[in-house]
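**Student:** no FASTA, just this:
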């Protein structure tokens, strides 16, 4: 089950609107390195993927999570 969730994570293509991206960018500092910018954009992508998974019901319960990792 856990492996299937990982595979689904990589298959899920998340699209973000310009408006939503601008909302995130407005919170960025005035200056940052390209490396920091890329890290922040990757974090936004991961966050949006998790939100999309949650919206489509592709989540596991806390009990399943504990069973897989403990």
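**Tutor:** Arrived safely. Source: prediction; values computed, not measured.

**Student:** pLDDT-wise, which helix or strand of the chain ranks last?
**Tutor:** One helix or strand of the chain scores below all others by mean pLDDT, DSSP states H and E: helix 2-11, with a mean of 51.

**Student:** downstream neighbour of that helix in the secondary structure list?
**Tutor:** Note on helix 2-11: by DSSP states H and E, the next helix or strand toward the C-terminus is helix 18-25.

**Student:** ok, residues contacting that following helix?
**Tutor:** Helix 18-25 has contacts (Cβ atoms under 8 Å, 6 or more residues apart in numbering) with 40, 44. C-betas here are computed from N, CA, C, even on glycine.

**Student:** Report the mean per-residue pLDDT for it.
**Tutor:** Average pLDDT, helix 18-25: 92.

**Student:** just stretch 45-64 next, same as before
**Tutor:** Regarding stretch 45-64, the rounded mean pLDDT is 85.

**Student:** Might you quantify the distance of that stretch from its chain's geometric centre?
**Tutor:** Counting by Cα atoms, centre = their mean, to the nearest Å, stretch 45-64 is centred 9 Å from the centre of its parent chain.

**Student:** same thing with stretch 38-56?
**Tutor:** Worked out by Cα atoms, centre = their mean, stretch 38-56 lies 2 Å from the chain centre.

**Student:** before we move on, what about stretch 62-70?
**Tutor:** 20 Å.

**Student:** center of this protein, which residue is that?
**Tutor:** Most central in the chain under Cα atoms, centre = their mean is residue 46, positioned 1.9 Å from the mean C-alpha point.
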